[in-house]
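Trainee: here are the coordinates; sequence isn't available:
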Ligand code: HEC
């Protein structure tokens, strides 16, 4: 029985290894944070979170975009809006004249 358990363990480890590798290969796994949670919860029923995070914007442009999406039906309180815009600017923003 020990061999059976051992081979199961090896399989498990192999599977875990594959997952880690897959995650590492994803070029831009979004940094975790309350902003990401909000995007996943409130923005991802019309398009994917990945679609939101593919673009880079200036702080003004992110504010405009988030407001536009709220107008379209995303549910965000003013404070949640602030958290999200902060997150987007920190991780997916562009400074004027500097493209990431
Ligand atoms: C009611 C549906 C809906 C919700 C909810 C929604 N979006 Fe959108 N979004 C759209 C549609 C439709 C488009 C494509 C048309 C366009 O580009 O304006 C889009 C496009 C985008 C784009 C790419 C275009 C651009 O302006 O760069 C971004 C970024 C974006 N949404 C962000 C968000 C964020 C952030 C949220 C959450 C606050 C959100 N969306 C919630 C409907 C929605």
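Mentor: Received it, and whenever you're ready, just let me know what you need. The structure displayed is predicted, hence computed values, not measured ones. Numbers count the residues shown, from 1 in each chain.

Trainee: CA only for contacts and neighbour counts going forward, please
Mentor: Fine.

Trainee: report pLDDT for residue 76.
Mentor: Per-residue confidence (pLDDT) for residue 76: 97.

Trainee: cool, the one 3 residues further on as well?
Mentor: Per-residue confidence (pLDDT) for residue 79: 98.

Trainee: run a quick neighbour tally on it.
Mentor: Counted with other Cα atoms under 10 Å, the neighbours of residue 79 add up to 9.

Trainee: how close does it sit to the ligand?
Mentor: 12 Å (Cα to the nearest ligand atom, to the nearest Å).

Trainee: that residue: which element?
Mentor: Using DSSP states H and E, residue 79 falls within helix 78-92.

Trainee: span of stretch 38-50 from start to end?
Mentor: 13 Å (Cα to Cα, to the nearest Å).

Trainee: next SSE downstream of the helix or strand bottoming out on mean pLDDT in the chain?
Mentor: Counting by mean pLDDT, DSSP states H and E, the chain has its least confident helix or strand at helix 2-25, which shows a mean of 53. Downstream of helix 2-25, the first helix or strand assigned by DSSP H and E is helix 34-38.

Trainee: now do that next one: which elements does it pack against?
Mentor: Applying 3 or more Cα pairs under 8 Å, 6 or more residues apart in numbering; DSSP states H and E, we find helix 34-38 packed against helix 78-92.

Trainee: nearest spatial neighbour of residue 95, skipping sequence neighbours?
Mentor: residue 58 (6.1 Å; Cα to Cα, 6 or more residues apart in numbering).

Trainee: alright, calling it a day.
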